[in-house]
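Engineer: Okay, predicted coordinates and the sequence, questions at the end:
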Amino acid sequence: MKIFLLTLLIGIVAGVVDVLPMIKMKVDKYSTLSAFVYYLIVPFVIFGINWFGDLWWLRGGIVSILMATPVIILVAKEDKKSPIAMTVMSIVLGSIIGVVGHYLNLM
């Protein structure tokens, strides 16, 4: 139960970090909610996958960008600037999630 709650807390914090700029820019509420839910779920996937062995620090960023790619493609149809920001945030936050999970022994 402790691992579940820590993973959930990491997801909530990552979601809030991603969503705060979106709220400031008055992004559509569905897009904002979608981003929050994405970061709420992604730590569970990152911590559940055992890829890269000794290169544990790669796992978070790679899993996060792989999961975000379909949404990034959809957004690119309407907006040319957002996919860049989404890619960067996905890699950065995913990497941070992976590093935090590693040091908290959640992986």
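Structural biologist: Structure's in. What do you need? Numbers count the residues shown, from 1 in each chain.
Engineer: and the residue nearest the centre of the chain, what does it touch?
Structural biologist: With distances taken as C-alpha atoms, centre = their mean, the residue of the chain nearest its centroid is residue 39 (4.2 Å). Residue 39 makes contacts with 11, 14-15, 17-18, 93, 97, as judged by C-beta atoms under 8 Å, 6 or more residues apart in numbering. All C-beta spots, glycine's among them, are computed from the backbone N, C-alpha and C.
Engineer: From those residues, keep the buried residues only.
Structural biologist: Buried members of the contacts of residue 39, counted by 16 or more other C-beta atoms under 10 Å: 11, 14-15, 18, 93, 97.
Engineer: Helices - which of those land there?
Structural biologist: 11, 14-15, 18, 93, 97 (DSSP state H).
Engineer: Now tabulate those residues in CSV and tack on distance to residue 70 and pLDDT.
Structural biologist: Putting those into CSV (distance: C-beta to C-beta, whole Å; pLDDT from 0 to 100) gives the following:
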residue, distance to residue 70, pLDDT
11, 19, 96
14, 19, 96
15, 19, 95
18, 17, 94
93, 17, 95
97, 19, 95
